[in-house]
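> sequence first, predicted coordinates after that:
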Amino acid sequence: MMSIQLFSPTFRIEECLAEIRECLEKGWTGLGFKTVEFEDRWKAYTGFENAHFLNSATVGLSLAFKILKMENKWVDGDEVISTPLTFVSSNHAIVYEGLNVVFADVDEYLCLDPLNIEKKITTKTKAVLFVGMGGNVGQYEKIVQLCKRYNLKLVLDAAHMSGTRLNGEIPGKEADAVVYSFQAVKNLPTADSGMICFKEKKHDEICRKLSWLGINKDTYSRTTDKGAYKWKYDVEYVGYKYHGNSIMAGIALVQLKYLDQDNAYRRQLAKWYDDGFNNVKDRIKTVAVADGCESSSHLYVIEVNNRDQLLLALNESDIFPGVHYRDNTEYKMYAYAQNTCPNAHRLSDRILSLPLHLKMTKHDVCYICQQVIKYCN
Ligand SMILES: *Cc1c(COP(=O)(O)O)cnc(C)c1O
C-alpha cells in the first residue's frame with residue numbers, strides 16, 4: 001500500500017497551464033490582469049463587496065490589523081483577543097502591528113469560545129481574531145453579536161474556510177476583514193497567495209496602496225490610462241510588497257471553478273471517517289461541525305488519549321497525520337500567556353489531524369480508521 005500523506009493538493013494541470021500560458025504569451029505575470037479577474041470572480045462567488053488578492057494570508061492579516069489600527073486610532077499595547085489553537089501566523093500578525101495578543105480559550109469546535117472571550121475583555125480590547133478551524137464556523141455568530149455589544153472590531157482568519165457556508169451563505173459579511181489563504185496545502189491551493197475582503201470600501205482602497213509600496217495607482221490601471229503621465233504616481237504610505245501576481249491568480253481561477261465540487265468530496269471523506277469511528281466514541285472523540293455549517297472540511301481532527309504514541313504507530317503503517325495546532329502559549333514568544341487557556345492546553349496534547357485530500361478513496365479512509373482504532377487506547 002502507498003503511504004497516505006496528511007495533505008496532497010490536486011491541480012487540474014492542463015487548465016492551470018493554459019492560464020499560465022496566457023500570462024506568458026501576453027507578457028503579463030504580475031499585478032493586474034489575472035489578479036483583477038480573480039478578485040472579480042471571488043467577489044461574485046462569496047458575495048463580498050471588496051476583495052484584494054495578496055501574496056499570502058499572513059500579510060493579509062497583518063494589513064487588516066495595520067489598517068484597523070490606523071483608521072480607528074488604536075495605540076501600541078492595545079489588545080486583540082485571539083485563539084491559542086491556530087497557525088502562529090494569525091497571532092504574529094497582531095504583534096507585527098504593536099498590538100498585544102490576549103488569548104481566550106477554545107470550545108468543542110476548537111474555535112474561540114464566546115463566553116471565554118467575554119471574560120478577557122478589558123478597556124484596552126479593540127478587536128477579536130476568529131479562526132474557523134478546519135473550515136468549521138464554530139460559534140462565529142455569537143462572536144459577531146459579542147463584538148457588536150462591546151463595540152469591538154472583528155477579523156476572520158478564513159485560511160481554512162474557502163467555500164465554507166453557514167446557513168447557505170458564505171460567512172463573514174459582518175466581519176471588518178476576512179482573510180483567506182491559498183497557500184500550497186490549503187483547500188484552495190495555489191503555491192502561495194491569499195485574499196483580503198474588507199467590509200468597508202475605504203479600507204480596501206488603503207489596502208491596495210499599502211500592498212504595493214504605498215503607490216496610489218497600480219501598473220495595470222496606469223498602462224490602460226491614456227496620456228503620457230503614467231509614471232507620475234504619488235506615494236502616500238511607506239507600503240509593502242504584499243500584492244499577488246497573475247501566475248498565482250491563474251491557478252486560483254482554475255481552483256475556484258472546482259471549489260464546491262472539491263469541498264463536497266472533502267465532506268464525503270469526513271463522513272466516511274465519522275462512520276468509521278461511530279462505534280468507538282468512548283476512545284476516539286471527533287470534532288463536530290457546528291449546526292448550519294457546510295464546512296470546507298480542510299481538516300479532520302480526532303481527540304485521543306495517546307496522541308504521540310498513536311502518531312508514531314500510524315507512521316509505521318505509512319499513514320502521516322498532523323497536529324493542528326500546538327497551543328501557541330507553549331511557544332517562547334507567547335509564553336507570557338501560559339496557563340490562561342486550559343482547554344486549548346489539554347487539547348494540544350490530544351488532537352490529531354488525519355489525512356484528508358482529494359486523492360484519497362473510501363478504502364483509504366477505512367484503512368486509516370482501522371489502524372487508528374487498533375492503536376488507540
Ligand atoms: C495557513 C494559515 C495562515 C497563513 O496563511 P499563508 O497564506 O500561508 O500566509 C493563517 N492562519 C491559519 C489558520 C492558517 O492555517
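Good, I have the coordinates. Numbering: from 1, shown residues only.
> which stretches in the chain count as helices?
Secondary structure of the chain (DSSP state H): helices at 13-26, 34-46, 57-72, 88-96, 114-120, 140-149, 201-210, 219-224, 246-257, 259-277, 307-316, 342-348, 362-375.
> and the angle from the first one to helix 34-46?
Taking axes from the mean of the first three to the mean of the last three C-alpha atoms, to 10 degrees, helix 13-26 and helix 34-46 form an angle of 140 degrees between their directions.
> before we move on, the earlier item: mind putting the helices of the chain into a markdown table with distance to Tyr325 and mean pLDDT?
The way it works is simple: take the backbone N, C-alpha and C, and place the C-beta from them, glycine included. Below are these laid out as a markdown table (distance: least, C-beta to C-beta, whole Å; pLDDT from 0 to 100):
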| stretch | distance to Tyr325 | mean pLDDT |
| --- | --- | --- |
| helix 13-26 | 30 | 98 |
| helix 34-46 | 25 | 98 |
| helix 57-72 | 15 | 98 |
| helix 88-96 | 8 | 98 |
| helix 114-120 | 17 | 98 |
| helix 140-149 | 18 | 98 |
| helix 201-210 | 27 | 98 |
| helix 219-224 | 38 | 60 |
| helix 246-257 | 24 | 98 |
| helix 259-277 | 19 | 98 |
| helix 307-316 | 13 | 97 |
| helix 342-348 | 8 | 98 |
| helix 362-375 | 20 | 97 |
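> export those helices to a markdown table and tack on mean neighbour count and distance to the ligand?
Formatted as a markdown table, the helices of the chain follow (neighbours: other C-beta atoms under 10 Å; distance: least, C-beta to the nearest ligand atom, whole Å):
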| stretch | mean neighbour count | distance to the ligand |
| --- | --- | --- |
| helix 13-26 | 14 | 18 |
| helix 34-46 | 19 | 15 |
| helix 57-72 | 23 | 3 |
| helix 88-96 | 20 | 4 |
| helix 114-120 | 17 | 17 |
| helix 140-149 | 18 | 14 |
| helix 201-210 | 18 | 16 |
| helix 219-224 | 13 | 23 |
| helix 246-257 | 23 | 11 |
| helix 259-277 | 17 | 15 |
| helix 307-316 | 15 | 19 |
| helix 342-348 | 19 | 14 |
| helix 362-375 | 17 | 22 |
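> looking at these, spot the one closest to Leu129.
Checking the helices of the chain against Leu129 by C-beta to C-beta gives helix 88-96 as the closest, at 6.1 Å.
> of all the helices of the chain, which one comes closest to Ser82?
Closest to Ser82 of the helices of the chain, according to C-beta to C-beta: helix 88-96, at 5.6 Å.
> just checking, what packs against that closest one?
helix 57-72, strand 79-82, strand 100-103, strand 125-131 (3 or more C-beta pairs under 8 Å, 6 or more residues apart in numbering; DSSP states H and E).
> how about the third one and the ligand, touching?
No: shown here: strand 100-103 not in contact with the ligand (C-beta under 6 Å from any ligand atom), separated by at least 13.6 Å.
> partner strands of that strand and their direction?
strand 79-82 (parallel) (DSSP bridges).
> starting at the chain centroid, how far to the partner strand?
17 Å (C-alpha atoms, centre = their mean, to the nearest Å).
> same question for stretch 309-321.
26 Å.
> again, but for stretch 308-315
27 Å.
> what's the answer for stretch 318-335, then?
So, by C-alpha atoms, centre = their mean, the centroid of stretch 318-335 is 16 Å from its chain's centroid.
> pick out the residue nearest the middle of the chain.
Nearest to the mean C-alpha position of the chain, by C-alpha atoms, centre = their mean, lies Ala159 at 0.8 Å.
> tell me which residues touch that one, please.
For Ala159, the contacting residues are Ala57, Phe87, Ser90, Val131, Val179, Tyr180, Ser181, Gln183, Lys186, Gly194, by C-beta atoms under 8 Å, 6 or more residues apart in numbering.
> could you rerun that using 6 Å?
The contact partners of Ala159, by C-beta atoms under 6 Å, 6 or more residues apart in numbering, come to Ala57, Ser181.
> ok, Pro321 next?
Taking C-beta under 6 Å, 6+ apart as the criterion, Pro321 is in contact with Leu6, Leu314, Leu352, Ser353, Leu354.
> ok, the residue nearest to the centre of the chain to Val365 distance?
In this structure, Ala159 and Val365 are 24 Å apart, going by C-beta to C-beta, to the nearest Å.
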